[in-house]
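Asker: Return atomic coordinates for the entry below.
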Amino acid sequence: MTNQFPPIILASKSPRRQELLKLMGIDFRIVLKEVDETYPDKLSPHEIALYISEKKARAFDELIEDEIVITADTIVVIDGEILGKPENDEHAIEILSTLSGNMHEVITAVSLRKSDRIHSFYEVSEVFFKPITEEQIRYYIKNGNPMDKAGAYGIQEWIGLIAIERINGSYTNVVGLPTHRLYQELCSFI
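Answerer: Here you go, the predicted structure:
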């Protein structure tokens with residue numbers, strides 16, 4: 001199927017998001033903007049993801065008339081606590097130890113911007129980790145790539161393959177972009 005969308009800008013340096021858009025057959029170019037990702041207190045986790053995604057979209061004031069920019073923000077939540085990207089190996093061990101044997105939520109908010117219109121949505125996936133040992137966690141930190149990911153893991157990497165028992169919801173949402181929903185929303189947005 002040929003690309004039926006107007007010019008698309010992906011405002012993400014995530015190689016996972018880039019790969020997902022390519023797999024969807026969507027032509028795009030990457031434009032990055034520095035955005036302060038702080039948010040007001042008292043927002044719920046999905047409101048935080050939406051707030052940051054929309055903040056990223058608002059940074060694109062110079063869009064050409066037909067262009068659509070896609071921004072996104074993914075957060076990992078367990079028992080109401082947001083687990084961000086790890087700051088160092090010890091923090092990654094702490095995060096993965098928290099996920100071990102528990103269910104957590106992955107929330108990805110996506111914003112579409114065209115001229116002055118912004119449309120945002122979010123998806124929630126429940127991810128169930130089996131108990132994992134500290135040895136397995138240390139192996140992943142040494143051999144994987146946990147530092148650039150919310151929750152310190154990639155579902156498509158070794159730790160995801162050996163530790164995730166099941167998910168309720170979209171797999172690609174956990175990777176970083178709910179592709180099925182994005183496609184529907186893009187079709188409605190243009």
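
Asker: Would you mind listing where this structure has pLDDT under the threshold?
Answerer: Residue ranges of the chain with pLDDT under 70: 1-3, 63-64.

Asker: what about the helices in the chain?
Answerer: Assigned by DSSP state H, the chain shows helices spanning 15-23, 45-58, 89-99, 134-143, 158-163, 171-175, 179-189.

Asker: Pull out the buried residues from the last one.
Answerer: By neighbour count, and taking 16 or more other CB atoms under 10 Å as the criterion, the buried residues in helix 179-189 are 179, 181-182, 185-186, 189. Yep, even glycine has a C-beta here, placed from its N, CA and C like the rest.

Asker: And for that helix, what's in contact with it?
Answerer: Here helix 179-189 makes contact (CB atoms under 8 Å, 6 or more residues apart in numbering) with 5, 20, 23-24, 26, 68, 70, 110, 112, 114, 117, 119, 121, 123, 170, 172-173.

Asker: Drop anything exposed from the residues you listed.
Answerer: Those of these that meet the buried threshold are 5, 20, 24, 26, 68, 70, 110, 112, 114, 119, 121, 123, 170, 172-173, by 16+ other CB under 10 Å.

Asker: Run through the residues that contact residue 8.
Answerer: Counting by CB under 8 Å, 6+ apart, residue 8 makes contact with 21, 26-29, 67-70.
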